[in-house]
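Student: Sequence first, then the predicted structure:
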Amino acid sequence: MEIRSQVSMVFHLDKCIGCHTCTIACKNIWTDRKGTEYMYWNNVETKPGTGYPTRWEDQTKYRGGWVVEGKRQKRLRLRLQGKWGTLTNIFYNPVLPQLDDYFEPWTYDYQNLFNAPLADEQPTARAISMVTGKYMDTIEAGPNWDDDLGGSQVYANNDPNFAGATQEELRQLQEIDRTVFFYLPRICNHCLNPGCVAACPQGAIYKRGEDGVVLVSQERCRAWRMCVSGCPYKKTYFNWSTGKAEKCILCYPRLESGQPPACFHSCVGRIRYIGLVLYDADAIEETAKAPQESLVQAQRDVIKDPFDPEVIAAAKASGVPDSKITAAQQSPVYQFVKKWKLALPLHPEFRTLPMLFYVPPLGPVLAKTDKGVYDNVADDSRLGPLMSSLERSRVPLRYMASLLSGGNEEIIRDVYRKLVAVRVYMRAKKVKDIPAEEVEKALTDGKTNAAEVEAIFRLTSLPTYEERFVVPPMERDMSVDSLFPALDPVSRNYPVRKGEVGVGFHTDPARGP
Amino acid sequence: MNEVLFVAFPYVAVALAIFGGVYRYRRNRFSYSTLSSQLLENRTLFWGSVPWHYGIVIVLLAHLLGFLMPSMWQAIMAGQYTLYTIEIIGYAFGLAALVGLCVLFVRRLTMERIRAVTSPMDWVLLADLLLQVGLGVYVSLVYRWGADWFVNTAVPWLVSLVSLNPQTQYITSLPLVVQLHMLNGFLVIALFPFSRLVHLIMFPFWYLWRPYQLVISNRPVTTMGKAHSDAEWA
């Protein structure tokens, strides 16, 4: 057992209102530079929808993540290609997404509004490409082009998670009072088995030992572009101006001083939780090889109980400081993922073991109208007085399973039954209009009990800042400043290990000649 | 004159490449990049980049092999049919490189997105490589059996340069285009630290041996951690 600590996250999708404040916070801090205009390290997608970049989940197109292959499914390899394939495809990556798969960034010719000569028509501000600097006559895509189901005949119907959906389910999407959507905010998952790290032939991407943040060494990146393909979530981007890969850094300068990342801090719906988990690094390979339907459980198993004395001893032996062990014990992520089993990894079948977990949204699943009447008919299969049955849910459970459990619908059902139990219990407690035996049945169906439900309610609805964000500041003796005070006289940068751990360098990050 | 062109210039070019490259690596490592433009344009790049790179790699390797093992190379070339084969292969790859380079040239010239990421040095390098490959293909076409005769002309000259005992008599009587090909070759070497050409010494062979996953800590991980660094999952 090799215990390491990992900064891990939970997004509670029922609480997301799709305001994109997280996106703006990230954009303004990190990706407003030349070459990064098209990047959204944090983006919020409407689901169903094709997402950003378009159809990123379709790995027959982008070939991201891992596959298990060989006799008896023993070998784990990148879906992209083997190591030799990387070296022979290095001159041309056949599956690299194009700028148009994201969108061509643009601004407007605002000056024309002031400078246009007097005329009968109103002056306009024409769009200007931020790549070429030329006018763009037609803008064909932009960030969140399909926000709130805009153009859903084109976008929502092409959601890769609808593979195998019935005609009825697809038709339902287009009916005005039966249509449904929810939001899916996405950042880098800082995976335990990252595809980008494995795909980089240069070894420029690495997982930080202290907290598991995945970073690109800007000095070592040589623009071989394999990381962009290797990441199945398409959360590694290529800066076309500097010729370097860039990705979400989880605001590590903030993390190191004990603050949550900007997208977490700014979240209006308070849907985001961040905390440490302790995991067994020795078990990563076996976990990533688990059969698809048990991947979620395997990932829960790789996260270890921070109260277990054996785990604590192993963590100490591998150099995890006490502050991190204490933080792991108070981690909201541990509660949601491991203890309550409510938060699920996004597309676990990509086998990168993502460390960002989602509590699936109950709202759009259980609300349903039939002939204009809100469907809450009480029958044997009903889950509660305000909800129809899971089997007749508006978002097919198959869709949710495709998104969050590698196709295992039983896991999704378990989560929903527990979420319903929380609602039924709390309603019975506050409004007092549900008979005790129904509450008891909901609790049994949800495989939960009153104490757990209270705790779930508390952390879902009323958590304080300190309960949502449990990140201890980095130990001073682990920070790089204390290790490398002297500058290199030639490069005027810190010596090599400073660069390796992702802390900046002083030379101008400008494109080479 | 010959001494300046065929002795001083090669030394200056190589010195520039080595010291310039090292200085740039130490001073501004961030600028070491292939500066790939594949994100901006994909389709034409395939017909340019792939034939160019594979063509030039094979042709350069043949040059290098003749230079490193002249006697072995000559023994191989002694057979009539092996000579034919090598010439045809060399010609094919040289032509592929030339075609690829032309495609890249046209792509850079005509596509707006690519022009947006083109520096003056890109044009200098592209033009110089076009000249160099063009000369090479021309020489191999007009002065046949270059795979054979270069072992007795260019190779001894290069060997004399490497052994710091420059002898120009091997090449002074060669045709002008051949001499131009040799000189321009050193010009390409001289351009190395000032252009995106630096990426060619960065080719990541190490990838074949390294574990898939990399975990780096400020403080070295414990002995337990080290024991795992040999595995695919570090």
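Tutor: It's in. Numbers count the residues shown, from 1 in each chain, chains lettered A, B, ... in the order given.
Student: Flag the shaky bits of the stretch 151-300 of chain A, pLDDT-wise.
Tutor: The model of the stretch 151-300 of chain A has pLDDT under 70 over residues A:173, A:176-177.
Student: Now the closest residue to chain B within it: closest residue in space that isn't a chain neighbour?
Tutor: Closest residue of the stretch 151-300 of chain A to chain B, C-beta to the nearest C-beta: A:Gly209 (2.8 Å). Heads up, the C-betas are built off the backbone N, CA and C, glycines and all. If the residues on either side of it in the chain are set aside, A:Gly209 comes closest to B:Ser217, at 2.8 Å by C-beta to C-beta, 6 or more residues apart in numbering or on different chains.
Student: Same question for A:Lys34.
Tutor: Using C-beta to C-beta, 6+ apart and skipping the chain neighbours, the partner closest in space to A:Lys34 is A:Ser241 (4.7 Å).
Student: Likewise for A:Ala442?
Tutor: A:Val424 (4.0 Å).
Student: I figured the one you found hits A:Glu438, correct?
Tutor: Yes. Under the criterion of C-beta atoms under 8 Å, A:Val424 lies in contact with A:Glu438, with a separation of 6.9 Å.
Student: Looking at these two, which is more packed in?
Tutor: Using other C-beta atoms under 10 Å in any protein chain shown as the criterion, A:Val424 and A:Glu438 rank with A:Val424 on top: 25 against 15.
Student: which intervals of chain B have sub-threshold pLDDT?
Tutor: Filtered on pLDDT under 70, chain B yields the residue ranges B:218-234.
Student: Next, count neighbours for the closest residue to chain A within chain B.
Tutor: Here the residue of chain B nearest chain A is B:Ser217; by C-beta to the nearest C-beta that distance is 2.8 Å. By the other C-beta under 10 Å criterion, the neighbourhood of B:Ser217 contains 20 residues.
Student: now A:Val415
Tutor: Neighbour count of A:Val415, defined by other C-beta under 10 Å: 23.
Student: same deal with A:Ser318?
Tutor: The tally of other residues near A:Ser318 (other C-beta under 10 Å) stands at 19.
Student: Equivalent analysis for B:Gln80, please.
Tutor: Using other C-beta under 10 Å, B:Gln80 is surrounded by 8 other residues.
Student: Next: B:Leu191.
Tutor: 21.
Student: Ok, A:Glu246 next?
Tutor: Residue neighbour count, defined by other C-beta under 10 Å, stands at 21 for A:Glu246.
Student: Doesn't it belong to a helix?
Tutor: No. Using DSSP: H, G, I helix; E, B strand; the rest coil, the secondary structure at A:Glu246 is strand, not a helix.
Student: Not counting residues beside it along the chain, what's closest to A:Pro260?
Tutor: Nearest residue to A:Pro260 in three dimensions, chain neighbours excluded: A:Phe469, at 3.9 Å (C-beta to C-beta, 6+ apart).
Student: For that neighbour, the count of nearby residues, please.
Tutor: A:Phe469 is flanked by 20 other residues according to other C-beta under 10 Å.
Student: Also A:Glu349?
Tutor: For A:Glu349, the neighbour count with other C-beta under 10 Å is 20.
Student: There's contact between it and A:Leu295 in this structure, I believe.
Tutor: Yes. Between A:Glu349 and A:Leu295 there is a contact under C-beta under 8 Å: 6.4 Å.
Student: Walk me through the domains of the chain.
Tutor: You didn't pick a chain, so chain A it is. Following automatic domain parsing, one finds the domains of chain A at A:269-468, A:476-507.
Student: wrong one, chain B
Tutor: What automatic domain parsing lists as the domains of chain B is B:2-203, B:204-234.
Student: Assumed B:Val155 was part of a strand.
Tutor: No. Applying three-state DSSP, one finds B:Val155 to be helix, outside a strand.
Student: what about it, how many residues close to it?
Tutor: Look at B:Val155: counted by other C-beta under 10 Å, it has 20 neighbours.
Student: What's the local residue count around the residue lying closest to it once chain neighbours are set aside?
Tutor: Closest residue to B:Val155 apart from its sequence neighbours, by C-beta to C-beta, 6+ apart: B:Pro70 at 5.0 Å. A count of nearby residues for B:Pro70, using other C-beta under 10 Å, gives 17.
Student: go on, A:Val431?
Tutor: A:Val431 has 9 nearby residues by other C-beta under 10 Å.
Student: for A:Ser229, same thing?
Tutor: Neighbour tally, A:Ser229, other C-beta under 10 Å: 26.
Student: what does A:Lys341 give?
Tutor: Per other C-beta under 10 Å, the neighbour tally for A:Lys341 reads 17.
Student: Now do the contacts for it.
Tutor: By C-beta atoms under 8 Å, 6 or more residues apart in numbering or on different chains, the contact list for A:Lys341 reads A:Arg300, A:Asp414, A:Val415, A:Lys418.
Student: and which of those residues is nearest A:Asn144?
Tutor: Taking C-beta to C-beta as the measure, A:Asn144 lies nearest A:Val415 of those, at 27.2 Å.
Student: residues making contact with the helix or strand containing that closest one?
Tutor: Assigned by DSSP states H and E, A:Val415 belongs to helix A:409-430. Contacts to helix A:409-430, defined as C-beta under 8 Å, 6+ apart, come from residues A:14, A:296-297, A:340-342, A:344, A:359-360, A:362, A:365-366, A:383-387, A:390, A:397-398, A:400-401, A:404-405, A:433-434, A:436, A:438-439, A:442-443, A:445-448, A:450, A:453, A:456-457, A:460.
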